[in-house]
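K.L.:
Fold the following.
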Amino acid sequence: MHVLKILLTGTLCLLTCGGVGNFAWGQQRQHFRKPPKDHHVIEGSVAIMKCEVGNQAGRVQWAKDGFVLGFNRSIPGYPRYEMVGDGVGGEHHLRIHNTTLADDADYQCQVGPADGHPPIRGTGHLTVL
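P.N.:
Just a heads-up that it's a prediction; the model follows:
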């Protein structure tokens with residue numbers, strides 16, 4: 001009887017506590033399939049900072065040195081910047097055309113919280129040579 005009570009309590013917690021490990025409400029939490037990494041480019045070339053999200057639930061945006069660039073894939077105010085890839089499939093790569101020394105910075109792919117999924121952040125540094 002004592003063992004049955006422990007098993008029932010554990011099952012109840014799994015159903016009501018949001019699961020264990022990498023699970024949220026019975027589903028795997030959002031995570032990076034490909035987080036941003038440090039990248040080097042020659043000034044004037046195209047830079048692509050990768051960001052692929054698995055089990056995406058939250059909205060995605062990029063930040064440059066802590067300044068958020070917004071959720072719009074065309075990134076208003078930054079005509080050389082755009083998010084590319086299959087957004088529905090979790091691809092949110094940041095493409096920077098005609099890089100300049102001003103683009104040398106830390107870039108962070110930010111995925112917001114949603115439906116029991118905590119936010120996730122991944123950072124990579126772009127070095128423009």
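K.L.:
Please tell me I have it right and Ile120 contacts Arg33.
P.N.:
No - taking contacts as C-beta atoms under 8 Å, Ile120 lies outside contact range of Arg33: 11.4 Å. Every residue, glycine included, has its C-beta placed from N, CA and C.
K.L.:
any common contacting residues for those two?
P.N.:
Residues touching both Ile120 and Arg33 (C-beta atoms under 8 Å, 6 or more residues apart in numbering) are Val53.
K.L.:
Who has more neighbours out of those two?
P.N.:
A direct count of neighbours by other C-beta atoms under 10 Å for Ile120 and Arg33 places Ile120 higher, at 19 against 14.
K.L.:
For the closest residue to the more buried one other than its chain neighbours, give me its contacts.
P.N.:
In space, and not counting its chain neighbours, Ile120 is closest to Val111: 4.8 Å by C-beta to C-beta, 6 or more residues apart in numbering. Shown in contact with Val111 (C-beta under 8 Å, 6+ apart): 30, 53, 56, 58-60, 119-121.
K.L.:
what does His39 give?
P.N.:
47-49, 124-127 are the contacts of His39 under C-beta under 8 Å, 6+ apart.
K.L.:
pLDDT value on it, please?
P.N.:
Listed pLDDT for His39 reads 97.
K.L.:
who does Ala47 bridge with?
P.N.:
Ile96 (DSSP bridges).
K.L.:
Can you pull the phi and psi angles for the residue nearest to Ile120?
P.N.:
phi -110, psi 120 (degrees, to the nearest 10).
K.L.:
Look up the closest residue to Val60, ignoring the ones flanking it.
P.N.:
Closest residue to Val60 apart from its sequence neighbours, by C-beta to C-beta, 6+ apart: His92 at 4.4 Å.
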